[in-house]
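Provide a 3D model corresponding to the input given below.
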Amino acid sequence: RVYIVFFMKGDYPYGECDILSQLPNVNIARFGSLGFIDPTNVKPEEKEQARQALAAAREAVFSGSYDLVVLDEVNLAVAWNLVELDEVIKLISDKPRNVELILTGRKADTKLIQLADVVTEMLKIKHPYDEGMKARKGIEY
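Next comes the predicted model:
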């Protein structure tokens, strides 16, 4: 029983969201705008979407319905001040022991790293996009 909260994937037709929504025992909730967020000029509606995403995550964590709750791109949401670091820390600290939390995204705050049991960093070394290749269906989307 898995619940995935997408902090920065609004209604755009992302392939990962489409596939995940077809899996049994996986529920998803999507928040965010259609475009990219400018971290130097965060709009109030973007903060509100992130606040709603965190509220949905909190509800899922304490619902008793899920074993695993994924907060997709929450690290960037914290780094870009869309949600408060203290609220994410509180969610981690208060969660039931039987619920696993996965936090994803770049720029993880050191306090979140310290609270984590496992920390993994994926680092692109080389990608065709760097040479001008467009995103490929079935690979990047």
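
point to the helix or strand of this structure where mean pLDDT is at its lowest.
Ranked by mean pLDDT, DSSP states H and E, the weakest helix or strand in the chain is helix 15-20, scoring a mean of 72.

ranges for the strands of the chain?
2-6, 26-30, 68-72, 100-103 (DSSP state E).

which helices and strands sit right next to the longest helix that the chain contains?
Using DSSP state H, we find that the single longest helix of the chain is helix 44-62. In terms of contacts (3 or more CB pairs under 8 Å, 6 or more residues apart in numbering; DSSP states H and E), helix 44-62 is packed against strand 2-6, strand 26-30, strand 68-72, helix 74-79, helix 85-94. To be clear about C-beta, it is placed using only N, CA and C from the backbone, and glycine gets the same treatment.

just the CA atoms of stretch 27-40, as PDB, please.
The C-alpha trace of stretch 27-40 is given here as PDB (Å, rounded to 0.1, in the frame of the first residue of the first chain):
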ATOM      1  CA  ASN A  27      -2.400   5.900  -5.000                       C
ATOM      2  CA  ILE A  28      -1.000   9.200  -6.200                       C
ATOM      3  CA  ALA A  29      -1.700  12.900  -5.500                       C
ATOM      4  CA  ARG A  30      -0.400  15.500  -7.800                       C
ATOM      5  CA  PHE A  31       0.300  19.100  -6.900                       C
ATOM      6  CA  GLY A  32       2.000  22.000  -8.600                       C
ATOM      7  CA  SER A  33       1.700  24.200 -11.600                       C
ATOM      8  CA  LEU A  34       2.000  23.100 -15.300                       C
ATOM      9  CA  GLY A  35       5.200  25.000 -15.800                       C
ATOM     10  CA  PHE A  36       8.600  25.200 -14.100                       C
ATOM     11  CA  ILE A  37       8.900  27.000 -10.800                       C
ATOM     12  CA  ASP A  38      11.400  30.000 -10.700                       C
ATOM     13  CA  PRO A  39      13.000  29.600  -7.300                       C
ATOM     14  CA  THR A  40      13.900  33.300  -7.300                       C
END
